[in-house]
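**Student:** Give me the fold of what follows.
(2 chains)
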2 protein chains.
Amino acid sequence: MKDFQGMAGTTGALALRLSQFVFAAVSLCVMATTSDFPSVTAFRYLVAAVGLQCIWSLSLALVDTYALLVRRSFRNTGAVSLFAIGDGITSTLTFAAACASAGITVLIGNDLDKCNLNHCTRFMSATAMAFLSWFAVSPSFLLNFWSLASR
Amino acid sequence: MKDFQGMAGTTGALALRLSQFVFAAVSLCVMATTSDFPSVTAFRYLVAAVGLQCIWSLSLALVDTYALLVRRSFRNTGAVSLFAIGDGITSTLTFAAACASAGITVLIGNDLDKCNLNHCTRFMSATAMAFLSWFAVSPSFLLNFWSLASR
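**Tutor:** Below is the predicted model of the structure:
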């Protein structure tokens, strides 16, 4: 089987992992530094989900760096299925958190028109960053799943 | 390639499609019959997403019924990739709508404690049905994607 860019152990995968990590970390910092995020369950959940995404993406980035340094690729079914399952879980959690936060941000901003009373822009940027992080996780998940199915 | 139960054109797939359709239709009816759903963007979006899911699942259920009646299975790459892409899109939309509604339902119920002023139980049941519909779409998507990758 040919290795596509983006499968575990390639420079594409490392780039994806790093962008996931950066977006998730920015989202975490922006949301965690607002004073009133703990009053909304969805925002607390966003912090947790995006924190998990940070840890997962950073560890996989280290694994990919190691694989690139020793010039190996992952042909081990166990490793690739672990990556696919982990990506599936973290991407679902991040996406769910981003959607829940987006729902509440839109409720505050458009439906109730109370955006000036809240840290509305910060909530919005944290949500947008969580979505960007999800956009970077999905190709990782799909490529790992694909490489698992096609062996 | 062996056909697993749940891949397009099997009885498992038909059962999955019918359960997707039923859950999405129940969610649509419960949400659309509340009087104040149009005041919240996320609930309007849930109605749209779940409506799309209904149409998609019903048409695929018809396709599966036809395939079962003529005793054929889908070995055509074009058809299976169309199903996988459609499932991917509708499942993402349904999941996003369910998460956004869940975020708002939890906000109303737990954080603001205004559940008795709203159709809270109806919002909750519509959200739960949308999640159940998503639980039934995910295996369809994963199996179609798997059968696409493994040919």
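
**Student:** make it CA atoms for all contacts and neighbour counts henceforth
**Tutor:** OK.

**Student:** in the helix or strand hosting A:Leu148, what counts as buried?
**Tutor:** Assessed by DSSP states H and E, A:Leu148 sits inside helix A:120-149. Residues of helix A:120-149 classed as buried: A:120, A:122-124, A:126-149 (neighbour count, 16 or more other C-alpha atoms under 10 Å in any protein chain shown).

**Student:** wait, does that helix make contact with chain B?
**Tutor:** Yes. Applying C-alpha under 8 Å from any C-alpha of the partner chain, one finds helix A:120-149 touching chain B at A:145-147, A:149.

**Student:** Tell me the gap between stretch A:86-95 and the middle of its chain.
**Tutor:** 7 Å (C-alpha atoms, centre = their mean, to the nearest Å).

**Student:** and what of stretch A:127-146?
**Tutor:** Remark: stretch A:127-146 is offset 6 Å from the chain centroid, using C-alpha atoms, centre = their mean.

**Student:** Contacts made by it with the rest, please.
**Tutor:** With contacts defined as C-alpha atoms under 8 Å, 6 or more residues apart in numbering or on different chains, stretch A:127-146 is touched by A:6-8, A:13, A:16-17, A:19-24, A:26-27, A:50, A:80-81, A:83-84, A:87-88, A:91, A:94-95, A:97-99, A:101-102, B:145-146, B:149.

**Student:** SS state for whichever residue of chain A sits closest to chain B?
**Tutor:** Here chain A gets closest to chain B at one residue, A:Ala100, 4.1 Å apart by C-alpha to the nearest C-alpha. Secondary structure, DSSP: H, G, I helix; E, B strand; the rest coil: A:Ala100 is helix.

**Student:** Let me know whether it touches B:Ala102 as I believe.
**Tutor:** Yes. Counting by C-alpha atoms under 8 Å, A:Ala100 touches B:Ala102, with 6.8 Å between them.

**Student:** With neighbour numbers in mind, choose between those two.
**Tutor:** Remark: of A:Ala100 and B:Ala102, A:Ala100 carries more neighbours, 30 against 27, as counted by other C-alpha atoms under 10 Å in any protein chain shown.

**Student:** On the pLDDT front, check the more buried one for me.
**Tutor:** For A:Ala100, the model assigns a pLDDT of 93.

**Student:** how about it, what does it touch?
**Tutor:** A:42, B:96, B:99-104.

**Student:** and with 6 Å instead?
**Tutor:** With C-alpha atoms under 6 Å, 6 or more residues apart in numbering or on different chains as the criterion, the residues that contact A:Ala100 are A:42, B:99-100, B:103.

**Student:** Between helix B:120-149 and the helix holding A:Leu148, find me the angle.
**Tutor:** With axes from the mean of the first three to the mean of the last three C-alpha atoms, to 10 degrees applied, the angle from helix A:120-149 to helix B:120-149 works out at 40 degrees.

**Student:** What is the strand or helix carrying A:Arg44 packed up against?
**Tutor:** Assessed by DSSP H and E, A:Arg44 sits inside helix A:41-69. Contact here means 3 or more C-alpha pairs under 6 Å, 6 or more residues apart in numbering or on different chains; DSSP states H and E; on that basis helix A:41-69 packs against helix A:11-32, helix A:77-106.

**Student:** If you rank the contacts of A:Ala100 by neighbours, which is first?
**Tutor:** Highest neighbour count within these: B:Ala100, with 30 neighbours (other C-alpha under 10 Å).

**Student:** Once you drop chain neighbours, what's closest to that one?
**Tutor:** Spatial nearest neighbour of B:Ala100, chain neighbours left out: A:Ala100 (4.1 Å); criterion: C-alpha to C-alpha, 6 or more residues apart in numbering or on different chains.

**Student:** quick one: the one you found from B:Leu58, how far?
**Tutor:** Remark: distance between A:Ala100 and B:Leu58 (C-alpha to C-alpha, to the nearest Å) = 28 Å.

**Student:** A:Phe135 now?
**Tutor:** Counting by C-alpha to C-alpha, the gap from A:Phe135 to B:Leu58 is 29 Å.
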